[in-house]
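K.L.:
My questions are about this predicted structure, shown below with the sequence.
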Amino acid sequence: MLTERRGLEASKSRSKIMVVDDDSDLRQALSLRLRANQFETIGACDGYSAIAMALKEKPQLIILDLGLPAGDGFVVLKNFQQYPALAGIPVIVLSARDPEANERRTIEAGATAFFQKPADNEELLGVIRACLQTGWGWGGDKPS
Amino acid sequence: MNESELMHCGMEECRWAGCGPDCPNFLRKGKRGIKEEIPAYILLVTDKPGDADLVRLRLVDSKFRVNCVSGLSEALVCLQLETPTLILLDPSLGDKDGTRAIRRIMETAPSVPVVILSGLDDDEMAVKAVRQGCQDYLVKSEVTCKHMERSIRYAVERKQLMQALEATRKQQLDFKDQFLSHVSHELRTPLTCIYQYVTLLLDGLAGPLEPNQMDHLRAVLKSVNQLQAMIRDLLEATRADSGKLRVEQRCIEIRELVQQAAEMMRPTAVEGRVRLEVKLDQSMPLVYADPDRTLEVLINLIDNAIKFTPPEGLVTVKASTVETDPSAVYLSVCDSGCGIPREALPKVFERLYQDPNAVDGNRNGLGLGLYIAREIVTMQGGRMWVASEPGSGSTFSFTLPFYSMAKLLSPVITYQGRMREDIVLVRVDLTPLSKALRGSWKEVCQRSLELLRRCIYVDRDLILPPMETEGASQTFFVVASVDLNKANILMERIREQVGGLAKLKASGTLRVTAEAIPGVRVSESRTLEQQVWGVADQVTELIQRGRQRGSWNETSRNEVGKGELQNAN
C-alpha cells in the first residue's frame, strides 16, 4: 500500500502513460496497476494505432511491447524518432523476448529502458517515476 | 567414346539419376557429373618428380586437370588462388607421418577432400590419416587407373556428404535454439498476465481479501516465480550447450559479492528456518570474474543448500584463499542437510539431474541449475566440485581466478625483452547526471568503452577490464606506455572522442585524469618478470587508493593529473 501512497504524493498532476500491447488482458492489468499509482492511462493494441494515438493524446511516457501486429515495436520506435512531437517521449520496452538479443537493439532504436516480461512491479514503477522526473528520454533532443 | 556414351550407359531402364554402381558406365557418367558441376582440378602435392607423371598417366583417360606442386608452402599458396576439386598429398612432405602437412592443408582448405598418395604401404599411417579427416589412402605401387579414378570420385562424393551432414547438424542446432527461444517467449506472455493479476489481487487493488485467500494467491505467485526461473534455465542451458553462454569478466571484490548473495537469500533461509552464516577471510585479493554470473552461481548454491537442509540446520558460505593454490580463491557453500548418496555424486552436475530425496516433491525446477552453474564457473577459468557425506550434509565448492594485473600488463609494458620506461595510468570517469536508468546508461558506458578503444594504440596501451563500482558511475583505466607529454595527447583524444558522444553529453559527465607510475627503472638485479610485477603492484595500489578515497585527484601530484574536463550541461 505504501507504494500507492507514494505515487500520489509524487505526481500532483497526473502523468499520462500509454500502454501498447496486443494482449488486452495484460493491457488492462498494467493499466489498473498504473492507475492505482496515480497515473492516467491510455492503451493501444498495435503499432499503427500506437503512433496515431501518441500523436493525438501526447502521453508523457510509453510502455511498449515488441511483438505487435501492424508494425512491431522497432517500427514504432523508429517512427517515434521521426516525429518531432514524439521523439522526446521516454519509451520503456516491456517484452517477452530475450534481453540478450533485444535489449541493446531497443536502446539503440531510442528506447529508454528494456524490461523482460514478467517485470517486477516495483522495479518497473521505479523506472517509470525516474523517467517522468527527468522529463525527457535520453534519446531525445530536449535536455532535462 | 562419343558424347552420347558419356551421357547414358545405353541400357533402356537406366536413366541419369538412377544409374548406380552396377551400371558398367557408372564411373564415366559420374565423371561427367563432376565436370559439369565443378571443373575437376586435382592439386598434387609431392616432392618426388616421378609422382606427377604417375598421376597424370593414371588419370590420362579421365581428363582431370592435374597441377603439381613440390612443397607445402607452395601448395598453400595454390589453395588461395584456386580451390581444387581434390588434393592428392604425399605425406612425407611435412614430417615423418604427414600429420603436420595434413593439418596445414585441412586448415587452409577445410572444404576440399584430401587423398593421401604414399610410397609406403603402412596401415597404421593410413588409419591415422583417415582419422585426421583424409578421405582415402593410396599406395603408389598398387594404384591402377580405375582405382585412382574411383578413389577420387568417391572422395569427392563422401566429402560432399559429410559437409551436407555437418550443415544439417548446424541447422538442427540453430533450429533448437530458435525453437526454445520462441517457446520461452510464448510461455512468458501468459505468465506475465498471471503475474500481473495475482499481484493486483495481492496488493488489494481489486478489493480486500480474506487472509486465507491471500495465502492461496501467494502460493500462485511462488509457482509463477518458479516457472519463470525454469524458463530462464531452459534458455541458459541451451546457450551453454551451443557455447553461446556469455560471461563478462571484470575485476571484482569477492567479499562484497558473497555478502550480497547471502543477504539476498536470507529471507529464504528464514522461511526455511535455516541458519545462514558467512565466513570470509579478512583480506581477499581481487578476483577476475563476471559479477552477475558469479552472484547467480552463489545464489543457486545457497538456494539448493537451504532447500536440502532441515529446519534448525546450518548453511555456511565461505570464501578463502588456499596456500597450495596461489592463483585462485575458493568459495564454498556447506549445508547440514541429508547429503548426497555416493553413487549420485558424479551425476549432480549433469543436465536434468533431480535429487530423489528432494523435500518438495516435483517442485525443484528442471535440474539444470548446477549444470549451468558449473558451465559459468568453467568459462571463467575456475572449477566446481562437490563433497558429501550421506546424513551429514554436502559442500559445493568452486574456484575463481585472481585478477592478475601482471599478466594483463606484461604484453604492453615490455618491449623487445625489456621494460618500457614511461608508464602512465589514465583514469576515465563517467558519472550519470541523475539516478541512472536501466539500459540507457549502460548503453552510454558501453559506447564510451568502444570509443575509448579507438583512442589507444593496441601494442602500447591497454584498457583494464572495467572495475565494479558502487552505483551507476563507471570508471575505465588505461595503462599507457608513453611519457607525460604523449599522455596529454592521449587524454585529449579521449576527451574529444568520448566527450563528443551526444548521449553522454545529455546524461552524464566525463572526467579524464592521469598519473605517472613512478619508479619504473631498469635494474640489473631484477628480472623482467619481477619488474612487471613491481609495476603491476603499483598500478593495483593506485587503483585501490583511488577507490577507497572515492576521488583520485587528492592523491595526484602530477602535472597530468590537472588535466581534467567537466562535461556537464
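P.N.:
That came through fine.

K.L.:
is any part of the strand or helix carrying B:Leu510 close to chain A?
P.N.:
B:Leu510 belongs to strand B:508-516 when assigned by DSSP states H and E. No. Using CB under 8 Å from any CB of the partner chain, strand B:508-516 stays clear of chain A, coming no nearer than 9.5 Å. Quick note: C-beta positions are derived from backbone N, CA and C, even for glycine.

K.L.:
residues in contact with the closest residue to B:Gly272 other than its chain neighbours?
P.N.:
Nearest residue to B:Gly272 in three dimensions, chain neighbours excluded: B:Ile306, at 5.1 Å (CB to CB, 6 or more residues apart in numbering or on different chains). The contact partners of B:Ile306, by CB atoms under 8 Å, 6 or more residues apart in numbering or on different chains, come to B:Met265, B:Thr268, B:Ala269, B:Gly272, B:Val274, B:Leu276, B:Val315, B:Asp335.

K.L.:
For PyMOL, write the select line for the buried members of the residues you listed.
P.N.:
Remark: buried members of the contacts of B:Ile306, expressed as a PyMOL selection using 16 or more other CB atoms under 10 Å in any protein chain shown:
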select buried, chain B and resi 265+269+272+274+276+315+335
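
K.L.:
quick one: which of the contacts of B:Ile306 is nearest to B:Pro411?
P.N.:
Nearest to B:Pro411 among these, counting by CB to CB, is B:Met265 at 40.2 Å.

K.L.:
what distance separates the helix or strand encompassing B:Gln544 from the middle of the whole chain?
P.N.:
Assigned by DSSP H and E, B:Gln544 falls within helix B:528-549. The chain centre lies 29 Å from the centre of helix B:528-549; the measure is CA atoms, centre = their mean, to the nearest Å.

K.L.:
Can you give me the buried ones in that helix?
P.N.:
B:Gln531, B:Val532, B:Trp533, B:Gly534, B:Val535, B:Ala536, B:Gln538, B:Val539, B:Thr540, B:Leu542, B:Ile543, B:Gly546.

K.L.:
In a strand, B:Leu276, correct?
P.N.:
Yes. B:Leu276 sits within a strand when classified using DSSP: H, G, I helix; E, B strand; the rest coil.

K.L.:
is it true that it touches B:Asp303?
P.N.:
No. Checked against CB atoms under 8 Å, the pair B:Leu276 and B:Asp303 is beyond contact range at 11.0 Å.

K.L.:
Return every residue with contacts to both of these two.
P.N.:
Joint contacts of B:Leu276 and B:Asp303 (CB under 8 Å, 6+ apart) are B:Met265.

K.L.:
ok, the residue nearest to B:Gly272 to B:Asn225 distance?
P.N.:
Applying CB to CB, to the nearest Å, the value for B:Ile306 to B:Asn225 is 15 Å.

K.L.:
Report whether the lengthiest helix in chain B contacts chain A.
P.N.:
Determined from DSSP state H, the single longest helix within chain B is helix B:145-202. Yes. Helix B:145-202 lies within reach of chain A by CB under 8 Å from any CB, at B:181, B:184-186, B:188-189, B:191-193, B:195-197, B:199-200.

K.L.:
Which of these are buried? Put it as a PyMOL command.
P.N.:
Under the burial definition 16+ other CB under 10 Å, those of those that qualify are selected in PyMOL by:
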select buried, chain B and resi 181+184+185+188+189+191+192+193+195+196+197+199+200
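
K.L.:
quick one: which helix or strand includes the closest residue to B:Glu296 other than its chain neighbours?
P.N.:
Distances taken as CB to CB, 6+ apart put B:Ile376 closest to B:Glu296, at 6.9 Å, once the chain neighbours are dropped. Element membership for B:Ile376, per DSSP H and E: helix B:369-379.

K.L.:
again, but for B:Glu107
P.N.:
helix B:99-108.

K.L.:
and chain A, which residues reach chain B?
P.N.:
A:1, A:4, A:23, A:25-26, A:29-30, A:32-33, A:36, A:67, A:96-98, A:100-101, A:103-104, A:106-108, A:111-119, A:121, A:127, A:130-131, A:133-134, A:138-139, A:143-144.

K.L.:
related to what we said a few turns ago, packing partners for the longest helix of chain B?
P.N.:
helix A:24-36, helix B:26-37, helix B:49-58, strand B:86-89, strand B:114-118, strand B:136-139, helix B:211-241 (3 or more CB pairs under 8 Å, 6 or more residues apart in numbering or on different chains; DSSP states H and E).
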